[in-house]
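> Provide a 3D model corresponding to the input given below.
(one chain, ligands or ions: 2)
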Amino acid sequence: MWKPPERIKHTSSLGKVPSRDALAVSRLCSPVKVGPLTLTSRTWVPAMVPWRATEDGYVTDDVLAWYERFAQGKPGAIVVEATGVRDIPSGPLLRIGDDRFLSGLRELVDVVKRASDGETKIFIQIIDFLSIRRRPDPKKFIQSYLAITDEQRKKLGFESAGDDEVRAALMKLPHEQLVSVLSPREMEDLDYGARERVTDTHLPHIQNLPEVLPDFFASAAVRAEQVGFDGVELHYAHAYTMASFLSAKNTRDDDYGGVKENRVRLPLEVYQAVREATGDKFAVGCRYLAEECIEGGSTLADSMYFGVEFAKAGMDFISLSRGGKFDDAAQPKVGWSAYPYTGPSGYECMPQNLSDAFGPFGRNLHATSLIRRAIRKAGKITPIVVAGGIHNFEMAENILQNRDADIIGAARQSLADPDWFLKLKRGCGDDIRLCEYTNYCEGLDQKHKQVTCKLWDREELNEPDVMKSEDGKRRLIAPEWRKEN
Ligand SMILES: Cc1cc2nc3c(=O)[nH]c(=O)nc-3n(C[C@H](O)[C@H](O)[C@H](O)COP(=O)(O)O)c2cc1C
Ligand code: SF4
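Ligands and ions are numbered 1, 2, ... in the order given. Okay, the predicted model is just below:
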């Protein structure tokens with residue numbers, strides 16, 4: 001993962017640990033309305049893909065155990081990992097594009113309700129993504145994948161040559177000369193792997209995304225409601241289809257690209273379709289980017305506008321993330337796919353302990369606070385979820401007291417210690433295992449390996465019934481908190 005060149009080491013801290021009584025009257029511990037629901041506290045476990053579904057997208061025992069463990073800490077809400085709305089092969093990512101996925105998802109809801117004694121609300125993050133190919137072997141790319149064009153012929157001075165002749169000529173060129181013959185997009189396909197964009201409107205399936213996506217999302221939400229989820233989080237963040245519609249880099253020349261009013265159109269239409277298809281007791285919100293953190297990306301003014309539009313449309317919550325784009329991702333090895341969390345924008349999404357002077361804690365706070373203020377100024381009370389390096393009570397409570405956000409998202413801190421909030425509630429805040437923000441977990445995610453935390457995955461490996469990773473070297477679930485209370 002990319003890191004800021006300053007490489008200043010930041011250390012997480014427990015901060016001021018509240019007494020049981022102080023916690024009880026804190027804002028963190030107070031209930032909050034999320035549309036038709038009331039969360040028992042303002043603690044939220046944001047979506048984290050743990051790479052535990054089957055290759056066909058079904059819930060496994062490992063998936064159940066992952067969410068059960070978070071639920072034992074009784075946060076206000078858990079958002080289940082990004083789950084595909086289409087019924088297409090997506091590797092070991094959860095899917096909700098067909099009824100055959102429902103029995104596993106129903107079990108997942110039941111497990112969370114049971115383990116949290118009904119205290120935790122459960123949402124599912126629903127996602128659409130476009131196709132991305134692995135970085136090709138250069139020879140294979142030129143021999144087979146590259147489409148031969150007149151533009152290349154012209155640049156090579158081979159105006160009337162056949163495709164084979166053009167390929168043969170290209171094969172002889174060193175990489176630095178290929179740049180002068182191939183288009184920037186063809187070079188990107190060669191160096192990074194081909195990746196579809198929402199602006200590829202010459203492709204019929206991209207052109208018609210605005211026609212098909214509202215139904216895909218609405219059907220997925222209906223299924224989620226059927227199996228007992230309390231709500232859905234529409235995934236409008238990071239490197240995926242809906243975020244790409246919102247992005248300033250969306251230059252589609254139809255009603256869905258260009259000016260911000262057009263870019264927000266599909267996200268609003270998807271929301272409307274989901275809202276109309278689901279019942280009054282079902283919460284619908286979205287996660288989008290407070291800042292894209294890429295050159296040429298949307299501005300903070302754009303994100304403030306989007307937030308106000310989402311709130312006015314009636315969304316029940318808005319969760320803000322940042323960065324995580326393909327645009328500045330590192331070049332993958334041949335045979336691997338680009339990963340949107342490997343460049344500077346990826347750093348902004350999951351900031352690490354080696355950082356710049358600002359550090360990894362609360363990097364999304366300023367932008368979130370401005371978006372929240374714009375929404376309040378528009379007269380809307382939509383609760384706002386913030387995430388990014390928030391790991392102790394003092395930090396969380398300050399954010400809430402300052403009205404910078406309404407709900408605290410803690411992803412990696414909840415992975416490091418799923419009981420962190422429960423420990424606070426029981427007056428055992430000093431026992432919290434603090435996330436060190438080294439991103440060992442994110443490294444596993446990047447390699448599509450089962451995600452665990454380095455602080456506990458080698459602990460008590462020989463205890464009976466410990467679920468282990470495929471290589472048997474890591475435990476998959478945080479050990480139980482044994483303190484009697
Ligand atoms: C292993 C892992 C998987 C993640 N998967 C998702 C995901 O499916 N959807 C999403 O919106 N964010 C995902 N994220 C980002 C987190 O939700 C969160 O925004 C980010 O880690 C910053 O919050 P934190 O500092 O509290 O960890 C993932 C993060 C990690 C570490
Ligand atoms: S591996 Fe554990 S300690 Fe390290 S960043 Fe991830 S959750 Fe935090």
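
> all contacts plus neighbour counts: C-alpha atoms, from now on.
Noted.

> is the residue in the stretch 1-150 of the chain that ligand 2 sits nearest to in a helix, a strand, or coil?
Of all residues in the stretch 1-150 of the chain, the one sitting closest to ligand 2 is residue 12 (9.9 Å; CA to the nearest ligand atom). For residue 12, the secondary structure call by DSSP: H, G, I helix; E, B strand; the rest coil comes out as coil.

> show me what contacts it?
Residue 12 sits next to 391, 434, 435, 436, 437 when contact means CA atoms under 8 Å, 6 or more residues apart in numbering.

> from these, which is closest to residue 476?
The closest of the contacts of residue 12 to residue 476 turns out to be residue 435 (CA to CA; 16.7 Å).

> count the neighbours of that closest one for me.
Close neighbours of residue 435, defined as other CA atoms under 10 Å, add up to 25.

> flag every residue of this structure that's near ligand 2.
Counting by CA under 6 Å from any ligand atom, the chain comes close to ligand 2 at 412-413, 415-416, 435-441, 453-455.

> if we use 8 Å, what do you get?
Contact residues (CA under 8 Å from any ligand atom) of the chain with ligand 2: 352, 411-417, 434-442, 452-456.

> ok, which of those also contact ligand 1?
411, 412, 413, 414, 437, 439, 441, 442.

> show me how to select, in PyMOL, the buried members of those residues.
Listed next is the PyMOL selection for buried residues among these, using 16 or more other CA atoms under 10 Å:
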select buried, resi 411+412+413+414+437+439+441+442
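
> reformat the ones next to ligand 1 among the residues of the chain next to ligand 2 as TSV; add pLDDT.
Compiled in TSV, these are given as follows (pLDDT from 0 to 100):
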residue	pLDDT
411	98
412	98
413	98
414	98
437	98
439	97
441	97
442	95
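
> where in the protein is pLDDT low?
Low-confidence segments of the chain, defined by pLDDT under 70: 484-485.

> per-domain residue ranges of it.
Partitioning the chain according to automatic domain parsing yields domains covering residues 8-129+201-446, 138-192.

> ranking the ones you listed by burial, who's on top?
Ranked by mean neighbour count, the domains of the chain are led by domain 8-129+201-446 with a mean of 21 (mean count of other CA atoms under 10 Å).

> can you give me the end-to-end distance of that domain?
Domain 8-129+201-446 has an end-to-end distance of 24 Å (CA to CA, to the nearest Å).

> ditto for stretch 54-68
In stretch 54-68, first residue to last residue: 18 Å (CA to CA).

> one more: stretch 223-238?
By CA to CA, one end of stretch 223-238 lies 24 Å from the other end.

> what separates residue 313 from residue 483, distance-wise?
46 Å.

> name the residues of the stretch 51-200 of the chain found near ligand 1, please.
80, 81, 82, 83, 125.

> just put these in a markdown table and tack on secondary structure.
Converted to a markdown table, these look like this (three-state DSSP):
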| residue | secondary structure |
| --- | --- |
| 80 | strand |
| 81 | strand |
| 82 | strand |
| 83 | strand |
| 125 | strand |
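
> which two in these are spaced the farthest apart?
80 and 83 (7.8 Å).

> what do the two both touch?
Shared contacts of residue 80 and residue 83, defined by CA under 8 Å, 6+ apart, comprise 124, 125.

> quick check: closest non-adjacent residue to residue 126.
Leaving aside its sequence neighbours, residue 126 sits nearest to residue 83 (CA to CA, 6 or more residues apart in numbering; 4.9 Å).

> surely the one you found touches residue 93?
Yes: counting by CA atoms under 8 Å, residue 83 touches residue 93, with 6.4 Å between them.

> and the longest helix for this protein?
helix 209-226 (DSSP state H).

> can you give the contact residues for the following helix or strand past that one?
Sequence-wise, the next helix or strand downstream of helix 209-226 (DSSP states H and E) is strand 231-236. With contact meaning CA under 8 Å, 6+ apart, strand 231-236 is reached by 79, 82, 122-128, 221, 224-225, 242-243, 246, 267, 271, 282-289.

> tilt between strand 231-236 and helix 209-226?
Angle, strand 231-236 to helix 209-226, by axes from the mean of the first three to the mean of the last three CA atoms, to 10 degrees: 160 degrees.

> ok, now which ones touch residue 106?
Contacts of residue 106 by CA under 8 Å, 6+ apart are 227, 228.

> please identify which helix or strand holds it.
helix 102-115.

> with only the CA atoms kept, save that helix in PDB.
Coordinates of each C-alpha in helix 102-115 appear next as PDB, following Å, rounded to 0.1, in the frame of the first residue of the first chain:
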ATOM      1  CA  LEU A 102     -31.600 -16.200   0.600                       C
ATOM      2  CA  SER A 103     -31.500 -19.100   3.100                       C
ATOM      3  CA  GLY A 104     -27.800 -18.300   3.900                       C
ATOM      4  CA  LEU A 105     -28.500 -14.600   4.300                       C
ATOM      5  CA  ARG A 106     -31.500 -15.400   6.500                       C
ATOM      6  CA  GLU A 107     -29.300 -17.500   8.700                       C
ATOM      7  CA  LEU A 108     -26.800 -14.600   8.800                       C
ATOM      8  CA  VAL A 109     -29.500 -12.200  10.100                       C
ATOM      9  CA  ASP A 110     -30.600 -14.700  12.700                       C
ATOM     10  CA  VAL A 111     -27.100 -15.200  14.000                       C
ATOM     11  CA  VAL A 112     -26.600 -11.500  14.500                       C
ATOM     12  CA  LYS A 113     -29.900 -11.000  16.200                       C
ATOM     13  CA  ARG A 114     -29.300 -14.000  18.500                       C
ATOM     14  CA  ALA A 115     -25.700 -13.100  19.400                       C
END
